[in-house]
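1. quick check, what structure comes out for this input:
(one chain, ligands or ions: 2)
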Amino acid sequence: MSEAVDLLINARWIVPVEPRDAVLADHAVAIRGGRIVDLLGQDEARTRYVADEVVELPRHLLIPGLVNLHTHAAMSLLRGIADDLPLMRWLEEAIWPAESRHVSAAFVRDGTLLAAAEMIRGGITTCSDMYFHPEAAAEAFAAAGMRAVVGAVVLEFPTSYASDPEDYLRKGLAARDRWQGHPRLGFSIAPHAPYTVSDDSFHQVQTLADELGLPIHVHIHETAQEIADSLAVHGCRPLARLARLGVLGSNLIGVHAVHLDEADIELLARHGCSVAHCPTSNMKLASGIAPVPRLLAAGVPVGLGTDGAASNNRLDLLQEMRHAALLAKVGSLDATAVPAHAALRMATLGGARALGMDDRIGSIEKGKCADLCALDLSAPQCRPCFDPVSHLVYVCGRENVSHVWIDGETRVDKGVSLLHINDTELLRLVSMWQTKLGN
Ligand SMILES: CSC[C@H]1O[C@@H](n2cnc3c(O)ncnc32)[C@H](O)[C@@H]1O
Ligand SMILES: [Zn+2]
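-> Ligands and ions are numbered 1, 2, ... in the order given. You can find the predicted model right below:
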């Protein structure tokens with residue numbers, strides 16, 4: 001007697017990520033009610049399941065949906081506005097002035113829609129966002145059908161969005177209340193960075209995050225200047241300051257974590273913190289090379305992030321995997337550092353663990369959400385194929401992404417996006433913003 005399922009996906013290769021390094025040839029995934037109910041050989045699947053829909057992927061690799069652990073989605077509207085500058089000049093001379101002139105709820109909603117369209121098309125099914133107007137970002141992610149952890153941002157200084165840290169928190173948490181119970185949306189508290197948030201505000205962030213069970217999402221140890229300034233102002237390095245304030249814990253996601261000494265790594269490991277590694281942003285802003293092999297060896301969960309489109313300038317985790325693998329080798333002068341399977345693990349289960357969502361996403365396992373991404377490996381550059389994960393990290397680009405499912409619903413089908421917003425409408429909104437930004 002066959003069992004009924006909604007969808008059966010037959011793929012040439014499936015890389016479930018858990019168990020580590022497994023590559024399953026000619027396997028199938030059975031999906032019911034948006035969840036993975038089985039992962040098994042195709043012959044067995046044909047006898048065990050009868051599906052409403054069967055998708056054949058005879059030349060494809062199926063992987064878990066990618067998790068973008070750090071982005072500022074709405075900054076897609078600021079893509080290319082200022083390139084080739086170091087972080088603080090980029091922020092102070094270009095980005096913060098542009099944000100103060102243009103950022104509004106409408107800007108964030110439209111920019112986030114544009115980013116969600118780009119990310120989903122490139123196989124990203126979950127992102128962890130940090131930006132102004134989280135209520136508008138949440139609305140856009142929900143409309144796009146993307147899974148997201150939206151950051152309730154906190155800054156010490158006033159902006160057009162909020163007047164002081166209490167105001168930022170009140171507004172961010174009101175957005176969280178509004179979306180409570182949504183199947184794909186969650187919230188974090190997102191203090192921008194140690195150099196823009198006071199001790200008192202960090203205390204408040206920590207208290208609220210504990211009380212509400214939320215992740216803390218914060219830029220940390222991004223540049224050498226940040227460390228030097230912290231030593232001058234606070235008499236200690238930023239991570240030591242956060243440890244002293246009681247902010248470090250297993251809910252903390254430290255973004256960038258480039259400039260780390262052994263004591264910093266020990267602090268992260270001891271407190272169970274995670275790191276969002278953003279290799280492209282770190283290269284483009286010339287921030288440095290994060291010590292990813294040392295973090296992994298110390299047991300720190302590491303996920304991958306794109307950062308915003310104004311410092312990357314792509315929201316493309318295929319590129320981040322490649323850059324993470326290559327940069328780790330250059331940084332350690334060790335060609336065995338961050339092999340392809342480790343890069344994929346960071347881009348999926350690593351990000352899911354950091355967000356405390358590894359019981360639901362990050363690998364292809366029974367009971368998890370059917371967030372999946374297929375890549376077509378039939379092109380000449382993908383032949384021969386001895387290890388599809390090698391091609392995934394070292395050959396493929398996001399143009400190889402052929403199918404994407406979120407909660408078992410098709411978002412990309414044979415390379416075509418099936419989003420609720422069509423490309424023409426999206427491009428109309430973007431050109432309106434380009435006109436405004438140009439003035
Ligand atoms: C308050 S919302 C987020 C805030 O962060 C700025 N930002 C973008 N990229 C970076 C980065 O790499 N380091 C620090 N801050 C960054 C963004 O422009 C927003 O103002
Ligand atoms: Zn950032």
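
2. every contact and neighbour count from this point should use C-alpha atoms.
-> Fine.

3. what does the stretch 1-150 of the chain have sitting close to ligand 1?
-> 95, 96, 130, 131, 132 (CA under 6 Å from any ligand atom).

4. check contacts around residue 185.
-> 138, 141, 142, 147, 148, 149, 150, 179 (CA atoms under 8 Å, 6 or more residues apart in numbering).

5. go with 7 Å
-> 147, 148, 149 (CA atoms under 7 Å, 6 or more residues apart in numbering).

6. now swap in residue 67 and tell me
-> Counted by CA under 7 Å, 6+ apart, residue 67 has contacts 124, 125, 126, 127, 347, 348, 351, 352.

7. got it, and residue 401?
-> 122, 123, 374, 375, 376, 415.

8. for residue 2, same thing?
-> Residues in contact with residue 2 (CA under 7 Å, 6+ apart) are 47, 48, 49, 50.

9. can I get those residues in a markdown table with neighbour count, secondary structure and pLDDT?
-> Shown next, in a markdown table, are the contacts of residue 2 (neighbours: other CA atoms under 10 Å; DSSP: H, G, I helix; E, B strand; the rest coil; pLDDT from 0 to 100):
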| residue | neighbour count | secondary structure | pLDDT |
| --- | --- | --- | --- |
| 47 | 11 | helix | 97 |
| 48 | 15 | helix | 98 |
| 49 | 18 | strand | 98 |
| 50 | 18 | strand | 98 |
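
10. beta partners for the residue in the stretch 51-200 of the chain that ligand 1 sits nearest to?
-> With CA to the nearest ligand atom, the shortest gap between the stretch 51-200 of the chain and ligand 1 falls at residue 131, namely 3.7 Å. Beta-bridge partners for residue 131, by DSSP bridges, are residue 152.

11. by pLDDT, rank the contacts of residue 401 and give me the bottom one.
-> Scanning the contacts of residue 401 for pLDDT, the low point is residue 415. It has 95.

12. roughly how far does it sit from residue 421?
-> Counting by CA to CA, to the nearest Å, the separation of residue 415 from residue 421 is 16 Å.

13. more crowded one of these two?
-> Taking neighbours as other CA atoms under 10 Å, residue 415 and residue 421 compare with residue 415 leading, 18 against 14.

14. who's in contact with the nearest residue to the more buried one once chain neighbours are set aside?
-> Nearest non-adjacent residue to residue 415, counting by CA to CA, 6 or more residues apart in numbering: residue 402, 4.4 Å away. The contact partners of residue 402, taken as CA under 7 Å, 6+ apart, are 374, 375, 376, 412, 413, 414, 415.

15. which strand or helix spans the residue nearest the centre of the chain?
-> Centroid check for the chain by CA atoms, centre = their mean gives residue 68 as the closest residue, at 1.3 Å. For residue 68, the enclosing helix or strand under DSSP states H and E is strand 66-71.

16. for the very next helix or strand once past that strand, buried residues please.
-> The element immediately downstream of strand 66-71 (helix or strand, assigned by DSSP H and E) is helix 87-89. The neighbour-count check on helix 87-89 (16 or more other CA atoms under 10 Å) flags residue 87 as buried.

17. how about stretch 98-117?
-> Quick answer for stretch 98-117 (16+ other CA under 10 Å): 99, 102-103, 105, 107-117.

18. for stretch 38-51, same thing?
-> 38, 39, 40, 41, 42, 45, 49, 50, 51.

19. quick one: contacts for the fifth one?
-> Listed by CA under 7 Å, 6+ apart, the contact partners of residue 42 are 10, 26, 27, 28.

20. what's the first one sitting at in phi/psi?
-> The phi/psi pair for residue 10 (degrees, to the nearest 10) reads phi -100, psi 120.

21. direction included, what does the strand holding residue 68 pair against?
-> Sheet pairing of strand 66-71 (DSSP bridges) gives strand 124-131 (parallel).

22. can I get the CA coordinates of the strand it pairs with in PDB?
-> Extracted in PDB, the C-alpha atoms of strand 124-131 (Å, rounded to 0.1, in the frame of the first residue of the first chain):
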ATOM      1  CA  ILE A 124      18.700  31.500  -0.400                       C
ATOM      2  CA  THR A 125      15.600  30.400   1.500                       C
ATOM      3  CA  THR A 126      16.300  32.000   4.900                       C
ATOM      4  CA  CYS A 127      18.100  35.200   5.900                       C
ATOM      5  CA  SER A 128      18.900  37.100   9.100                       C
ATOM      6  CA  ASP A 129      18.400  40.800   8.500                       C
ATOM      7  CA  MET A 130      19.300  44.000  10.300                       C
ATOM      8  CA  TYR A 131      18.000  47.300   9.200                       C
END
